[in-house]
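Novice: Output the structure for:
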Amino acid sequence: MKDKISKYLDIFCECANFIIISYALLNMMSFRQSFLYVLSFASNVWLITRFCSRITKLTGSKIAAAVLFAVCVLAVAALMFFFGRVVGELIRFDF
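Specialist: Numbers count the residues shown, from 1 in each chain. Have a look, this model is predicted:
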């Protein structure tokens, strides 16, 4: 029983981290003129592959992992729809 709760908690934490980090990386992708765009895109690809492999290992089912991935992507889309993206520009720190 304790092991099952721990597994569900791990799945919940992985999904929450994926949603938060994906939202942040999608906001970074607005800097298309910067080198940071390439880094944020590569980080997003790494995050997706890591999330899918971790969730597949935790659930033991590719179908359940695909459903969780779809739910998380919809949650990120909902965040983008309701809160929008952060509009800004890179500012240098001048001392």
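
Novice: How many residues are close by I19?
Specialist: 19 (other CB atoms under 10 Å). For glycine as for every other residue, the C-beta is placed from the backbone atoms N, C-alpha and C.

Novice: Report the buried residues of the host helix or strand of A16.
Specialist: Taking DSSP states H and E as the criterion, A16 maps to helix 2-28. Within helix 2-28, the residues scored as buried using 16 or more other CB atoms under 10 Å are I11, E14, C15, F18, I19, S22, Y23, L25, L26, N27, M28.

Novice: for the record, mean pLDDT for it?
Specialist: Average pLDDT, helix 2-28: 88.

Novice: what's the next helix or strand after that helix packed up against?
Specialist: Next helix or strand after helix 2-28 toward the C-terminus (DSSP H and E): helix 36-59. Packing partners of helix 36-59 (3 or more CB pairs under 8 Å, 6 or more residues apart in numbering; DSSP states H and E): helix 2-28, helix 62-83.
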